[in-house]
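> Got a predicted structure here, sequence first:
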Amino acid sequence: MSAKTILIIEDDPVLLRGLKDNFESQGYLVRTAKDGQKGLDALLTAPPDLLLLDLMLPKVNGYEICRTARSRQLDMPIIMLTAKGQEDDIVRGLELGADDYVTKPFSIRELLARVKAFLRRQGPESAGYEFGDCRLDLTAHKLFKRGVEVELTSKEFRLLEFFVKRASRALTRDSILAAVWGNEVIVTDRSVDRCVTTLRSKIEPDPRNPRFIQTIRDIGYRFEN
Amino acid sequence: MTARKILIVEDDAALLRGLKDNFQAQGYQVRTANDGEKGREAFFRDPPDLVLLDLMLPKVNGYEICRQARSRRLNTPILMLSAKCQEDDVVRGLELGADDYVTKPFGIRELLARAKHLSQPAPRP
C-alpha cells in the first residue's frame, strides 16, 4: 500500500521540523508549508490524505484555510494544532470543518496515535473503480473499457479520478478546477467543460445523453454510477 | 434526515443523565448503559452510529469493549471519555481502535461538536 501523505502547515520552524521528522519516521510522506498562503496553495494543488493545521499563521489563518478546503469539497481529515485552547476556539474549529483539535503543548505520541486513528477510519484507498463497461485502475494509472485500454491525458485521468471518488455528489466547477487544475494560471470554467466533453466521448455509451457525468445546471457536474 | 443513534456507556449516573439530555436535545436517538457488560451487549446487538464509552466501568472496562468491537470488525466510531489523561492512556485507547479520546472534565459543546463529526458517515468512498 502506498504511503499516506500528510501536509503540515506550521510557522514555528522548530515545531515544524520536529513534526516532519516524527511523521516521516512513521513512514508518512510529509509536505510542509510555513505560512498560510503557501499552505493553502499546497493544499489546493495536491490535496494530501490528512492536514495538520496551525491556526495562528502569517498571511492566511488556519480557520480560513479550513473553511476554504471544505467549501471546495476537500474532505481529508483536518487536525488543528493550536495554543488556543478555550472551548469556544475548539468548537469554532470543529464547526468550521476540522475533524480534531489538539492544543499545544501536545504529546507527539498522542498526535501520532490520533493521525493513525483518522487514517484507519478512512481506510485504504481503493485501487480501482468500475462503472458501466469501464474500470479505472488507480495503481496502473489506466482506464480500460471492455478490457481495452483507453488513452487519457493526465488532466482527463485526474478529472475522472476526482469524479469517481465523489460519486453521487454535486461538484461545482470551482471545486473541480481547484482539485484538478490547482494553481495553473490560465484556466476558466470552460476548461472544465472542455475536459468533460472529451472525457464523455471516451467513457459514455452515448456522449450526447451522458449516463455517468451528468450536468447540473448553473452548478457543475455529478458522477453517477 | 434519520436521527443519528448514539449509545452512551457510563457508570456515573449524574453524568449519564446530563449526557443523555444534551444529546437528545440535539436530535440524537440515545440509548444508555451503566456498566460495561450491559454496554457491550447493547453495542454488539444493535450497533449505533456512535458509542460514547467511559473507560473505568464496572464488570467490563471500556478498553476491553473497544478491543472486542474491533476484533469483531465493528467499525462504529468510538469516542472514549475518561478521567485517565496520561499520554499512555490516550495512546492506548486510540491504538485499541477508539476514534477520539476526550478527558474529563470536558466542555459539553466541545463533546457535542466532536460527536457530530464522528457520527456522520465517513466522507470518503
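Sure, I can see it. Residues are numbered from 1 along each chain as shown, chains lettered A, B, ... in the order given.
> Compute the distance between the most centrally placed residue in chain B and residue B:71, please.
The C-alpha lying nearest the average C-alpha coordinate of chain B belongs to residue B:52 (C-alpha atoms, centre = their mean; 1.5 Å). Separation of residue B:52 from residue B:71 (C-beta to C-beta, to the nearest Å) stands at 20 Å. The way it works is simple: take the backbone N, C-alpha and C, and place the C-beta from them, glycine included.
> Quick one: residues contacting the one residue sitting closest to the centre of chain A.
For chain A, the residue nearest the mean C-alpha position is residue A:47 (3.5 Å; C-alpha atoms, centre = their mean). With contacts defined as C-beta atoms under 8 Å, 6 or more residues apart in numbering or on different chains, the neighbours of residue A:47 are A:74, A:76, A:179.
> what residues does chain A put near chain B?
A:75, A:87, A:90-91, A:94-95, A:99-101, A:107, A:109-110, A:113-114, A:116-118, A:120-123, A:126, A:165-167 (C-beta under 8 Å from any C-beta of the partner chain).
> Which helix or strand contains residue 113?
Since no chain was named, I'll use chain A. Counting by DSSP states H and E, the element that carries residue A:113 is helix A:108-122.
> my bad, the chain I had in mind was chain B
helix B:108-119.
> who does that helix touch, helix- and strand-wise?
Counting contacts by 3 or more C-beta pairs under 8 Å, 6 or more residues apart in numbering or on different chains; DSSP states H and E, helix B:108-119 packs against helix A:87-95, helix B:13-25, strand B:50-54, strand B:78-82, strand B:100-103.
> so after the first one, what's the next helix or strand?
When you say that, I think you mean helix A:87-95. Downstream of helix A:87-95, the first helix or strand assigned by DSSP H and E is strand A:100-103.
> and that following strand, which strands flank it?
The strands beside strand A:100-103 in its sheet (DSSP bridges) come out as strand A:78-82 (parallel).
> Residue A:179 and residue A:69, how far apart?
11 Å.
> Help me confirm that residue A:180 comes into contact with residue A:154.
No. With contact defined as C-beta atoms under 8 Å, residue A:180 does not reach residue A:154; the gap is 9.7 Å.
> And those two? Which one has more around it.
For residue A:180 versus residue A:154, the count of surrounding residues by other C-beta atoms under 10 Å in any protein chain shown is larger for residue A:180: 22 against 9.
> residues contacting the more buried one?
Residue A:180 makes contacts with A:155, A:158, A:159, A:162, A:192, A:195, as judged by C-beta under 8 Å, 6+ apart.
> if I've got this straight, it is in a helix?
Yes. Looking at residue A:180 with DSSP: H, G, I helix; E, B strand; the rest coil, it is inside a helix.
> and the gap between it and residue A:153?
Distance of residue A:180 to residue A:153, given as C-beta to C-beta: 11 Å.
> other SSEs contacting the host helix or strand of residue A:40?
Using DSSP H and E, residue A:40 falls within helix A:36-45. Counting contacts by 3+ C-beta pairs under 8 Å, 6+ apart, helix A:36-45 packs against strand A:5-9, strand A:29-33, helix A:62-71.
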